[in-house]
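Sharing a model prediction with you, sequence too.
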Amino acid sequence: MTDFTLKTDADGVAVITWDTIGKSMNVMNQQGFTDLDALIDQALADDAVKGIIITSGKDGSFAGGMDLNIIARMKDSAGDDPARGLFDGVMAMHGVLRKIERAGMDPKTNKGGKPIAAALPGTALGIGLEIPLACHRIFATDNPKAKIGLPEIMVGIFPGAGGTTRLVRKLGAMAASPLLLEGKLNDPQGAKRAGVVDEVVADPVAAAKEWILSNPSIVKPWDEKGYKMPGGAPYHPAGFMTFVGASAMVNGKTMGVYPAAKALLSAVYEGALVPFDTALKIEARWFTNILMNPSSSAMIRSLFINKEALEKGANRPDAPDQKVKQVGVIGAGMMGAGIALVSALAGIKVVLIDAKQEAADKGKSYTAAYMDKGIARKKATEDKKAAVLGLINATTDYAALKDCDLIVEAVFEDVGVKAEVTKKVQAVTGPDCIFATNTSTLPITELAKASNDPANFIGIHFFSPVDKMMLVEIIKGEATGDVAVAKALDFVRQIRKTPIVVNDARFFYANRCIIPYINEGIRMVREGVEPALIENAAKLVGMPLGPLQLVDETSIDLGVKIAKATRAAMGDAYPDGAVDEVLFWMADQNRLGRKSNAGFYAYDDKGKRLGLWDNLAAQYPVADDQPDLVTVQHRLLFAQVLEAVRALEDGVLTDIREGDVGAILGWGFAPWSGGPFSWLDIIGAPYAAERCDQLTAEFGDRFSAPDLLRDMADKGQEFYKRFATGAKAA
Ligand code: NAD
């Protein structure tokens, strides 16, 4: 059995059907390419065959793309000279697709050859579109649910099987840029409008057959003499503008840290200056360059392979299905309203409780407003809105919680209030109901004391805004049982978010790592480091927000509150007095961040951020001597990653995959790096430990290398080898 089969009908049309064994959607692997190649040879050599259709045996889809597990391992399996091995492998792939494109034509006269059409029954992504682009005509089913495009850039690579070169030559650089640089996907009609597919029809195989039998011309424009690229090549006045603009846009958006976008643009620019076959070779060189860059495999590993493994329950205890039927959300404030929304969107019945009916109604109105926005953007309908709202019962009556199988409490951050709510809820819910708290700072084990069954008590920590943030941190208290963990994981799966499971400790995992990042930024302000240098250094290393902007967004008084509580808990060991000096001073000036239209940044009356606040220098003068960029970046990155390593050492994290995925989705840790542990693997433990020593000598003990890192440095180990994927870290 192979993934590709060939059948020739009585009219001489050979249909090659792609049907990956054991998968619901076709994915490409090396064997698949070999098989496709052999069938193309066979059909081209067979005199009885007039033309070829490449289609799929799967309902509603052509192909989902290349198997990313293979791409992530390509470098390791490319032999002793991996760059050469990768380049040769990519060129072999080009060979197959170029054979399809030339289809037996005479190389000089372009005469002869057999028409080859792609018939797409639906979704066609990545290599699943690159193969059709090599065909002479693309027919797609009129299926509005189908997605057609080249999303490679989203996982840190770019279309490297000719998709980049062909799409630019077909559409021009300007029109191809959203499809290549942003990975924009279209439905079939949209793909036709964009010029990606040629025809949208009811039956693509029948339409392709009719086209083949019409004896069509099949020479690609770029194989004709005198071909001119739509919109102009780089030295054409219009093309020049496109390339200058694209280069600026890519650098502005990626801050230079995503190698794939830059490599893609280089392949497009350089490819546009040379004949087609040379352009393919250039594309292959840049693609090899990207596959050799550790960032691409780290991104694929964290953002695709491990993220999916966690979503599928990699760390789920062995317990029966815990799908949630009815959730009770207590506290209809900012978080509760969001939790109710995402639950109802997933079709779960919600009882949304607040102390006053008005507050409960206000919480529910968040869902109404969200659906209205969807309707305005044509992503939802009035009927859908009514159905979603119909699932939410906003009330003050705790008795309504009787049939809930999960409670998520999101009331004020106060042990007393939470304890009282826990008791009130458990007076009405059944013995199997799992009680979860959304606390961000209070220990789960402590809060569980108010529960009548600590085994059924757990933390489910959402991030704000709930509807946008994809990470959910599940926290086990000392007594939390397996069923509660399974319940939390099954709930997170229902609402289509990504879970990590951590043990109970101050600030759990995400906040534990992000607070040192913010603090390091504030510390530098006090030392006289130019605030613009701090912010730009963070962005130039891939952080979505600089530490000063981040504290403005989360609010400076929250920082003060957390600092006071931490100091009270830690006593003399509290290390952040220098940070508090700045933070408390800002709070005294009533500069509380975005919410007060004043913080480390200045804002206009409407809340628009204008720029860094000029007067900060009056209190914290900028020093004459400024540190170099890398020192600032290392201070900001090491502050986070060392905390991640300590969380692993302490057993808060038990799986480095969760540490990496959680960091990227939870607080936007430099996604190009694959996460804190991937970054440490990229720079290597020996260098990381050495850098820790230098930073400690210059800036203090908070940078001292954790024992685990020191041990790994001595042994020359990598995190992803020491804690092999899937293996528990602690
Ligand atoms: P909020 O002040 O917006 O909402 C709290 C709601 O709880 C209010 O509507 C209040 O009326 C209600 N409430 C208070 N006491 C109640 C009671 N006894 N019975 C019923 N309702 C009651 O607060 P929030 O930002 O939504 O935070 C809620 C919880 O989520 C806190 O534990 C907080 O630490 C946590 N959290 C917040 C964020 C965030 O970014 N805001 C992020 C993660 C977790």
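In hand now; what should we look at? Numbers count the residues shown, from 1 in each chain.

list the contacts for residue 507?
Contacts for residue 507 (C-beta atoms under 8 Å, 6 or more residues apart in numbering) come out as 440, 441, 515. Heads up, the C-betas are built off the backbone N, CA and C, glycines and all.

Kindly recompute the last result at 10 Å.
Contacts for residue 507 were tallied using C-beta atoms under 10 Å, 6 or more residues apart in numbering; they are 440, 441, 513, 514, 515, 516, 562, 566, 643, 647, 652.

State the number of residues packed around the closest residue to the ligand within the stretch 301-450 of the chain.
The minimum distance from the stretch 301-450 of the chain to the ligand, using C-beta to the nearest ligand atom, falls at residue 333 (1.7 Å). Number of residues near residue 333 (other C-beta atoms under 10 Å) recorded here: 15.

I'd say it and residue 409 touch.
No: Residue 333 is beyond contact range of residue 409, at 11.4 Å (criterion: C-beta atoms under 10 Å).

So which of the contacts of residue 507 wins on neighbours?
Neighbour-wise, those (other C-beta under 10 Å) top out at residue 647, 28 neighbours.

Next, please give the residue ranges for the helices of the stretch 551-700 of the chain.
Here the stretch 551-700 of the chain has its helices, by DSSP state H, counting those that start in this stretch, at 556-570, 577-588, 616-619, 629-649, 656-667, 676-683, 685-699.

Kindly export the fifth one (C-alpha atoms) in CSV.
What follows is the C-alpha trace of helix 656-667 in CSV, where atoms were taken according to Å, rounded to 0.1, in the frame of the first residue of the first chain:
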residue,chain,number,x,y,z
ILE,A,656,10.2,21.3,29.8
ARG,A,657,7.8,21.2,26.9
GLU,A,658,5.3,22.9,29.2
GLY,A,659,7.9,25.4,30.2
ASP,A,660,8.6,26.4,26.6
VAL,A,661,5.0,26.4,25.2
GLY,A,662,3.7,28.1,28.4
ALA,A,663,6.3,30.9,28.1
ILE,A,664,5.5,31.7,24.5
LEU,A,665,1.7,31.5,24.8
GLY,A,666,1.6,32.9,28.4
TRP,A,667,3.8,35.9,28.2
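
What about the ligand: which of the contacts of residue 507 touch it?
residue 440 (C-beta under 6 Å from any ligand atom).

of all the contacts of residue 507, which comes closest to residue 49?
Taking C-beta to C-beta as the measure, residue 49 lies nearest residue 513 of the contacts of residue 507, at 60.2 Å.

Now do whichever helix or strand the closest one is part of and helix 676-683, the angle between them.
Residue 513 belongs to helix 510-527 when assigned by DSSP states H and E. Computed by axes from the mean of the first three to the mean of the last three C-alpha atoms, to 10 degrees, the angle separating helix 510-527 from helix 676-683 equals 60 degrees.

List the buried residues in helix 510-527.
By 16 or more other C-beta atoms under 10 Å, the buried positions in helix 510-527 come out as 510-525.

what do you get for stretch 43-50?
Going by neighbour count (16+ other C-beta under 10 Å), the buried part of stretch 43-50 is 43, 44, 49, 50.

Next, name the residue at the spatial heart of this structure.
Computing the C-alpha centroid of the chain and ranking residues by C-alpha atoms, centre = their mean puts residue 303 first, at 5.3 Å.

Can you tell me which residues in the stretch 451-600 of the chain are near the ligand?
Contact residues, the stretch 451-600 of the chain versus the ligand (C-beta under 6 Å from any ligand atom): 461, 462, 464.

if you set the cut-off to 5 Å instead, what comes out?
residue 464 (C-beta under 5 Å from any ligand atom).

Pick out the residue in the stretch 451-600 of the chain sitting closest to the ligand.
Distance from the ligand to each residue of the stretch 451-600 of the chain (C-beta to the nearest ligand atom) is smallest for residue 464, at 3.4 Å.

List the residues that contact that residue.
Residue 464 makes contacts with 334, 335, 338, 440, 553, 554, as judged by C-beta under 10 Å, 6+ apart.

Show the buried residues in those residues.
Buried by 16+ other C-beta under 10 Å: 335, 338, 440, 554, out of these.

export the residues you listed to TSV and tack on pLDDT and secondary structure?
Converted to TSV, those look like this (pLDDT from 0 to 100; DSSP: H, G, I helix; E, B strand; the rest coil):
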residue	pLDDT	secondary structure
335	97	helix
338	98	helix
440	93	coil
554	92	helix
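
For residue 63, state which of these is nearest.
residue 338 (35.9 Å).

isn't that closest one right up against residue 367?
Yes: if you go by C-beta under 10 Å, residue 338 and residue 367 touch, sitting 9.2 Å apart.

Sounds good, over and out.
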